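**Q** sequence plus predicted model, see below.
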Amino acid sequence: MDPKGWRVKLNDGHFIPVLGFGTYAPEEVPKSKAIEATKLAIDAGFRHIDSAHVYNNEKEVGQAIRSKIEDGTVKREDIFYTSKLWVTFLQPQLVRPALEKSLKNLQLDYVDLYIIHSPMAMKPGEELLPKDERGKLIFDTVDLCATWEAMEKCKDAGLTKSIGVSNFNRRQLEMILNKPGLKYKPVCNQVECHPYFNQRKLLDFCKSKDIVLVAYSALGTQRLKVDLSSPVLLDDPVLCAMAKKYERTPALIALRYQLQRGVVVLAKSYNEKRIKENVQVFEFQLTSEDMKVLDGLNQNLRYATAQIFKPEEVFGDKSTIIGGNL
């Protein structure tokens, strides 16, 4: 795999590798695993590494990146690193200090991409999920346009090369795009996206605005914190039949589907065999007929909202604005 050959240009002129390595892991997974897995990913050919303040592993991920730079495997400019501004830091005056904290943990001079993790602001402070005495999450009122201006200043200061958003819907994206005095458009919108939740309308809108859609939970989920009655994406009979046809795994079919739609895709695994396997996504191509079949699997089914908190805990029911619905 030639990492330089598999990149797309962002609207600010920088390039993002189309296959990224997702580093999120549940609390019970030892943080040391993030070091090991990130090193394996870089050795396998991944050049796009995705993490976040809330994952609580940036020290370890940064250590892995630096060790691969030190041993000569890569140079800093070969790695595209994404971090995310957590929802308790959306007040404009908190944005730069939050990024500086991530940089300190990473021991890096800059990140390649810094994105607003979610448009839903919570009470400022170090507590990741602030709750009241009844156990309900405490939200905050923030002008996201002011937050965005603080993000633009981080880009101007050289702390991040590019800036973007995550879990934004069309209305929230338009609010930023239509902001008076907008200096930089979001380069991307990172959302849950997979064959059961293909985000077709949001993808079309983002393409029309030259915003790259980045897919997380592209392989479904480990189902550690979700409704166990949810179907397992990688057990889908259509995906499995296609995997057999192409002599690949269902995971590779799901990843290739995204690439051919023009989506940047994150593959999350801490398993060495699967990490190495996932870079094989560049070795085959799906037919247009098979792409249409995969489009037909859409069920508007979410997996990911419950990985951090339950939607009903936030909204009192199962509806949610998280995940970038159009």
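**A** Looks like it came in fine. Numbering: from 1, shown residues only.
**Q** which residues in the stretch 151-300 of the chain form strands?
**A** Counting by DSSP state E, counting those that start in this stretch, the segments of the stretch 151-300 of the chain that form strands are 160-166, 188-192, 212-216, 264-268.
**Q** any chance of those in CSV with mean pLDDT, mean neighbour count and distance to Glu127 as columns?
**A** C-beta: built from backbone N, CA, C; applies to glycine. Shown next, in CSV, are those (pLDDT from 0 to 100; neighbours: other C-beta atoms under 10 Å; distance: least, C-beta to C-beta, whole Å):
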stretch, mean pLDDT, mean neighbour count, distance to Glu127
strand 160-166, 98, 25, 20
strand 188-192, 97, 26, 24
strand 212-216, 98, 25, 24
strand 264-268, 97, 25, 25
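**Q** can you redo these as JSON lines with distance to Phe21?
**A** What follows is the strands of the stretch 151-300 of the chain, written out as JSON lines (distance: least, C-beta to C-beta, whole Å):
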{"stretch": "strand 160-166", "distance to Phe21": "16"}
{"stretch": "strand 188-192", "distance to Phe21": "14"}
{"stretch": "strand 212-216", "distance to Phe21": "12"}
{"stretch": "strand 264-268", "distance to Phe21": "6"}
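**Q** ok, now how distant is Lys201 from Gly125?
**A** Per C-beta to C-beta, to the nearest Å, Lys201 is found 36 Å from Gly125.
**Q** try Pro17
**A** 34 Å.
**Q** okay, the two: which has more neighbours?
**A** The neighbour comparison of Pro17 against Gly125 (other C-beta atoms under 10 Å) goes to Pro17, with 22 against 12.
**Q** give me the distance between the nearest residue in space to that one that is not next to it in sequence and Ile42.
**A** Once flanking residues are discounted, Pro17 sits nearest to His48: 3.8 Å by C-beta to C-beta, 6 or more residues apart in numbering. Here His48 is placed at a distance of 10 Å from Ile42 (C-beta to C-beta).
**Q** now do the contacts for Asp50.
**A** For Asp50, the contacting residues are Gly20, Phe21, Gly22, Thr23, Thr82, Tyr216, Leu266, by C-beta atoms under 8 Å, 6 or more residues apart in numbering.
**Q** switch the residues you listed over to CSV; also include secondary structure.
**A** Formatted as CSV, the contacts of Asp50 follow (DSSP: H, G, I helix; E, B strand; the rest coil):
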residue, secondary structure
Gly20, strand
Phe21, strand
Gly22, strand
Thr23, coil
Thr82, strand
Tyr216, strand
Leu266, strand
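**Q** for those, which one is nearest Gln93?
**A** Thr82 (23.1 Å; C-beta to C-beta).
**Q** ok, now which ones touch that closest one?
**A** Gly20, His48, Ile49, Asp50, Ser51, Val111, Asp112, Leu113, Tyr114, Ile115, Gln190.
**Q** so for His48 and Ile42, which residues contact both of them?
**A** Residues touching both His48 and Ile42 by C-beta under 8 Å, 6+ apart: Ile79.
**Q** burial check on the residue nearest to Val293 when sequence neighbours are not counted, number of neighbours?
**A** Leaving aside its sequence neighbours, Val293 sits nearest to Val238 (C-beta to C-beta, 6+ apart; 6.4 Å). Val238: 15 surrounding residues under other C-beta under 10 Å.
**Q** Val238 contacts Lys292, correct?
**A** No: using C-beta atoms under 8 Å, Val238 is not in contact with Lys292, being 11.5 Å away.
**Q** what's the longest helix seen in the chain packed up against?
**A** For the chain, the helix with the greatest residue count under DSSP state H is helix 92-106. Helices and strands touching helix 92-106, by 3 or more C-beta pairs under 8 Å, 6 or more residues apart in numbering; DSSP states H and E, are helix 58-70, strand 80-85, strand 111-116, helix 144-156.
**Q** would you indicate which residues of it are buried?
**A** Applying a neighbour-count criterion of 16 or more other C-beta atoms under 10 Å, one finds Pro92, Leu94, Val95, Arg96, Ala98, Leu99, Ser102, Leu103, Asn105, Leu106 buried in helix 92-106.
**Q** over to stretch 53-72?
**A** Buried-residue list, stretch 53-72, by 16+ other C-beta under 10 Å: 53-65, 68-69.
**Q** among those, which two are most distant?
**A** Val54 and Ile69, at 25.1 Å, using C-beta to C-beta across the buried residues of stretch 53-72.
**Q** Arg7: which of the helices and strands packed on helix 92-106 is closest?
**A** With C-beta to C-beta as the measure, strand 80-85 is the member of these nearest Arg7 (8.2 Å).
**Q** centre of the chain versus that closest one, how much separation?
**A** Offset of strand 80-85 from its chain centre (C-alpha atoms, centre = their mean, to the nearest Å): 9 Å.
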